[in-house]
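Visitor: Sequence and predicted structure are below.
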Amino acid sequence: MAYRLEAEAATLGPSKKHCFACAAILDVRAELCPKCGVRQPVMPGAITVVPVTAVAPSTRSKTSAGLFALLLGGIGVHKFYLGQTAAGVMYLLFCWTLIPSLIAFIEALVLFGMSDDAFARKYPG
Ligand SMILES: [Zn+2]
């Protein structure tokens, strides 16, 4: 028995695999074992190479966010736009100090300098 399994393993080619349940030799793409009918577990890399998932483009526009920050950033419009409501409220509360305007100006520069990919990662959805 042990010898038989060793012999099978030795003849196992790169496109073959052993049945998860009965150790019969199957094609790597086989989903069901023809011998015992057991569904084979998905082997990472053996069947499908999962493509590197691209970052889904943000539904928000980087340009809009940048323009909001530049023109209306002092009252936190870009923060509301980017879904950071709490931050937006802080900007509104402190807009009279003009500090939010200063921060928003810097954020506008950061937004304009950011790649679309980085933007989508930072502000998903
Ligand atoms: Zn089997």
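Guide: That came in fine, so what should we check first? Numbers count the residues shown, from 1 in each chain.
Visitor: average pLDDT for stretch 70-78?
Guide: Regarding stretch 70-78, the rounded mean pLDDT is 96.
Visitor: Please apply the same query to stretch 117-125.
Guide: Mean per-residue pLDDT for stretch 117-125: 88.
Visitor: quick one: L102 and the ion, what's the gap?
Guide: L102 sits 69 Å away from the ion, going by C-beta to the ion, to the nearest Å. C-beta coordinates here come from the backbone N, C-alpha and C atoms, glycine included.
Visitor: so who does that residue touch?
Guide: Counting by C-beta atoms under 8 Å, 6 or more residues apart in numbering, L102 touches no other residue.
Visitor: F94 now?
Guide: Contact analysis of F94 by C-beta under 8 Å, 6+ apart lists P100.
Visitor: Check the offset of the helix ranked longest in the chain from the chain's centre.
Guide: Criterion DSSP state H: the longest helix present in the chain is helix 99-113. Taking C-alpha atoms, centre = their mean, to the nearest Å, the mean C-alpha location of helix 99-113 is offset from the chain mean by 27 Å.
Visitor: same check, this time on stretch 59-68
Guide: Distance, stretch centre to chain centre, for stretch 59-68: 21 Å (C-alpha atoms, centre = their mean).
Visitor: Just the buried positions in it, please.
Guide: Neighbour counts over stretch 59-68 (16 or more other C-beta atoms under 10 Å) mark R60, K62, A65, G66, L67, F68 as buried.
Visitor: so the one helix or strand the third one maps to versus helix 99-113, what angle?
Guide: A65 is part of helix 62-72 when elements are defined by DSSP states H and E. With axes from the mean of the first three to the mean of the last three C-alpha atoms, to 10 degrees as the basis, helix 62-72 and helix 99-113 are set at 160 degrees to each other.
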